[in-house]
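>>> Below are the sequence and a predicted model; questions follow.
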Amino acid sequence: MSKIESFLTSKDEEGIVSAIKEAEKNTSGEIRVHIEAHTDDDHYEHALNIFGELKMHETELRNGVLFYLAVNDHKFVILGDQGINDKVADDFWDETKEMMEVYFRKGEFKKGLVDGILKAGNELKTHFPHQADDTDELSNEISKSS
Ligand code: CA
Ligand code: CA
């Protein structure tokens with residue numbers, strides 16, 4: 001079994017998707033998780049490419065957030081779109097990342113992701129409250145590439 005398949009159990013994945021749905025109940029912002037085995041590219045640059053491939057820059061308010069993980073490389077990147085990056089404190093994503101890393105170091109990947117997603121959702125809620133005509137602009141499912 002490749003690492004990407006054993007990284008999260010299907011139950012873990014369900015928990016993560018539930019966290020995304022939970023977070024998006026309170027905000028117009030959109031959260032996605034993308035998991036990959038490995039990339040030769042710079043992880044930040046690569047996350048930017050994935051962000052584009054997933055069309056995450058097409059949300060109306062530019063408030064998509066991507067959690068990108070390269071499992072074999074032990075790297076992850078959190079990327080917010082322009083709309084949200086204009087609003088959050090400069091160290092918000094670093095702070096979120098550090099919180100998640102505490103769990104990741106213990107191998108608690110699901111817990112780290114769920115907490116990161118809920119923290120991002122809470123921040124999104126402050127700047128982009130849920131609107132009556134809100135739609136699910138980006139899928140809540142975890143996407144993967146190898
Ligand atoms: Ca939405
Ligand atoms: Ca969504």
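Structure received. Ligands and ions are numbered 1, 2, ... in the order given.
>>> Would you mind listing what in this protein touches ligand 2?
Residues of the chain found near ligand 2 (CB under 5 Å from the ion) are 30, 136, 138, 140. Every residue, glycine included, has its C-beta placed from N, CA and C.
>>> and the third one, how many neighbours does it have?
Applying other CB atoms under 10 Å, we find 21 residues neighbouring residue 138.
>>> just to revisit the earlier point, out of the residues of the chain next to ligand 2, which are buried?
30, 138, 140 (16 or more other CB atoms under 10 Å).
>>> just checking, next helix/strand downstream of the helix or strand bottoming out on mean pLDDT in the chain?
The weakest-scoring helix or strand in the chain, judged by mean pLDDT, DSSP states H and E, is helix 3-6 (a mean of 82). Next in sequence after helix 3-6, counting helices and strands by DSSP states H and E, comes helix 10-25.
>>> Check which residues of that next one are buried.
For helix 10-25, the neighbour count (16+ other CB under 10 Å) marks 12-13, 16-17, 19-20, 23-24 as buried.
>>> what's the closest of these to ligand 2?
Among the buried residues of helix 10-25, residue 24 lies closest to ligand 2 (CB to the ion), at 5.1 Å.
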